[in-house]
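Engineer: mind folding the following:
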Amino acid sequence: MNALQKKWYERIPHAVTILFIIIIIVTVLTYLLPAGSYEREIIDGRQRVISGSYKVMPSSPVGLLGMFKSIPLGFEAAANIIFIVLAGSIMFGMMEKSKAVENSIGTLVRKLGQEKKYFIVVLMTFVFGALGVAVGYENNIAMVPIAAVLSLALGGDLILAAGISVGAMTVGFGLSPINPYTVGTGHNIAELPMFSGAGLRSILCFTGLALMAFYNVRYLRKILNDPSKGMGHGLDESGIALSKPIQEYRMDGKSWMVLGIFLAGLVVMIYGVFNHHWYINELSAIFLMVALATAIVSRLNPTTVSETVLKSIAIAAPGAFMVGYATSIKVLMEMGNIGDTISYNLAEILQGFSLYGSAIGMSISQCLINLFIPSGSGQALATLPVMIPLGEVLGLTRQTTILAFQIGDGVTNLVNPTLGGLIAMLSMCRVPLDRWLRFILPMVGLILVISWVVLIVAVAIGYS
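Structural biologist: Model (predicted):
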């Protein structure tokens, strides 16, 4: 098939190429855009932009050496996320060596029945979505490989596994009515009751997850009818696919013990996240503890444990590399001091829009800003102090402005190559970014359209 005959999604470059193109573009922008910054103040221990304080500063364009220097600096900045990818892979590798995950998934599918495969896909999409809503994003990285085993057991592929887990968790987290990083930070800035207006957000979140479930079922049905239409051909399924017929799977004592250790680890992590504000490094430590406990219970000898660790790291290495590589874009923005400039100019453009157009335009502007500031709370602290007063001038309620921000940030997280958490979780499914983009882009468009309809309703009802 020559270049002219290729379908649109087959023209998407490799993820390494995509990110390098973005690195070049950002470097060029440091020459084209004026450097500038807002003044910031510390409120409740967090740095926040002072509205109306934007000032142009001396330009600081990034040269060729600086562009390439941003790459190792990106790895340095993302060290904790890179390590949690490795730690999660080590934990899953040890559980895979014990056969506990394979036995658990095989037994589940045997008891529910292969004929209920579509129901299982819908159920697990909502389960992973609920984890995104209630627990967080990177906090759920250890759950992703389970979807990989489940998908292959149902006759799917690793792309479907990413849809069930990464897709659902990203939608759930991005549109969560109780997201502390976006909605919570936004309500704090806007001085609104925490997580107020949850009804409309809950409807949007449920609708997004229902669409994701439908999309996953549709994909599974397509590849079961014609395997050649799948996008997972050639991906590494070693150690993930079931090794025997479904009818032969049973849970033995060792599998129950390993599963218990894993669940206990999840309980400890959730407790730590909500009660002691644990984050990446603490979760990595729990992953390693679960891996060690699994090795002890499985009576693996030191040589087998060492070999399993190195094999797991080798499998996770490409994804870990991509996390640091993507973070270099954020570093470049900081080196060139153009992040605030982009936010300021997008806000200026919105002032010429109609009421409904300004709400949609605000959401689209957040989609663009999300590429350069992938952190939800960071983006909220950098843009909402500017957008909220602007929204009020345009006639939008504060709640509507925060909803527009949440949609722009949350939905585009599905395709954001600079979001370390997305890259990390895709690596746990062994799915490269370019394959993921081919799969998920139509879904992103659909969810954005639905989200904008909800946003128009919010403007019409004076959502508050």
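Engineer: ok but T17 is inside a strand, no?
Structural biologist: No: under DSSP: H, G, I helix; E, B strand; the rest coil, T17 sits outside any strand and is assigned helix.
Engineer: so L300 makes contact with K97?
Structural biologist: Yes: with the criterion set as Cβ atoms under 8 Å, L300 and K97 qualify as a contacting pair; they are 6.5 Å apart. Just so you know, the C-beta spots here come from the backbone N, C-alpha and C atoms, and that holds for glycine as well.
Engineer: those two: who's more crowded?
Structural biologist: For the pair L300 and K97, the greater number of neighbours falls to K97 (22 against 17), based on other Cβ atoms under 10 Å.
Engineer: and that one, what are its phi and psi?
Structural biologist: With angles defined as degrees, to the nearest 10, K97 shows backbone torsions of phi -60, psi -30.
Engineer: what do you get for I24?
Structural biologist: For I24, the backbone dihedrals are phi -60, psi -40 (criterion: degrees, to the nearest 10).
Engineer: which residue is the nearest non-sequential neighbour of it?
Structural biologist: What sits nearest to I24 in space, not counting adjacent residues and going by Cβ to Cβ, 6 or more residues apart in numbering, is M67, at 7.5 Å.
Engineer: I'd like to know how far I349 sits from S165.
Structural biologist: The spacing between I349 and S165, counted by Cβ to Cβ, to the nearest Å, is 37 Å.
Engineer: hang on, I meant A317
Structural biologist: If you measure A317 against S165 using Cβ to Cβ, the figure is 20 Å.
Engineer: between the two, which is the more surrounded one?
Structural biologist: Applying other Cβ under 10 Å to A317 and S165 shows that S165 carries more neighbours, namely 31 against 15.
Engineer: returning to what we had before: check what pLDDT the residue nearest to I24 gets.
Structural biologist: Among the per-residue scores, M67 holds a pLDDT of 95.
Engineer: and it, what does it touch?
Structural biologist: By Cβ atoms under 8 Å, 6 or more residues apart in numbering, M67 lies in contact with 23-24, 27, 332.
Engineer: kindly report the same for T401.
Structural biologist: When contacts are counted by Cβ under 8 Å, 6+ apart, T401 is found next to 190, 362, 384, 387-388, 390-392.
Engineer: with M269 instead?
Structural biologist: By Cβ under 8 Å, 6+ apart, the contact list for M269 reads 139, 278, 282-283, 286.
Engineer: run the last query once more with 10 Å
Structural biologist: Contact partners of M269, counting by Cβ atoms under 10 Å, 6 or more residues apart in numbering, are 135-136, 139-140, 142, 278, 282-283, 285-287, 290.
Engineer: most neighbours of all these, which one?
Structural biologist: When neighbours are taken as other Cβ under 10 Å, the top entry among the contacts of M269 is V290 (27 neighbours).
Engineer: hang on, it packs against M257?
Structural biologist: No: with contact defined as Cβ atoms under 10 Å, V290 does not reach M257; the gap is 12.0 Å.
Engineer: where does the chain dip in pLDDT?
Structural biologist: Residues of the chain meeting the criterion pLDDT under 70: 1-12, 44-48.
Engineer: strands along that one, start to end?
Structural biologist: Counting by DSSP state E, one finds strands in the chain at the ranges 36-37, 40-43, 46-49, 55-56.
Engineer: of the ones you listed, which is nearest I223?
Structural biologist: Across these, the minimum distance to I223, taken as Cβ to Cβ, is reached by strand 46-49, at 45.7 Å.
Engineer: for this structure, which helix is longest?
Structural biologist: When the chain is parsed with DSSP state H, its longest helix is helix 302-336.
Engineer: how far off centre is stretch 41-58?
Structural biologist: 27 Å (Cα atoms, centre = their mean, to the nearest Å).
Engineer: what about that stretch, start to end distance?
Structural biologist: 22 Å (Cα to Cα, to the nearest Å).
Engineer: residues in contact with it?
Structural biologist: The set of residues external to stretch 41-58 that reach it, using Cβ under 10 Å, 6+ apart, is 34-40, 185, 188-189, 337, 340-341, 343-345, 347-348, 377-378, 380-390.
Engineer: give me the buried entries from these.
Structural biologist: Neighbour-count burial (16 or more other Cβ atoms under 10 Å) applied to those gives 35-38, 40, 185, 188-189, 337, 340-341, 343-344, 347, 377, 380-388, 390.
Engineer: about what we covered before: quick one: list the elements packing against the longest helix of the chain.
Structural biologist: Counting contacts by 3 or more Cβ pairs under 10 Å, 6 or more residues apart in numbering; DSSP states H and E, helix 302-336 is packed against helix 15-32, helix 64-77, helix 79-98, helix 280-297, helix 339-350, helix 355-372, helix 420-428, helix 433-461.
Engineer: and the last one, what does it pack against?
Structural biologist: To tie it back to what came earlier, the one meant is helix 433-461. On a contact count with 3+ Cβ pairs under 10 Å, 6+ apart, helix 433-461 meets helix 15-32, helix 158-162, helix 168-174, helix 198-225, helix 302-336, helix 355-372, helix 398-412, helix 420-428.
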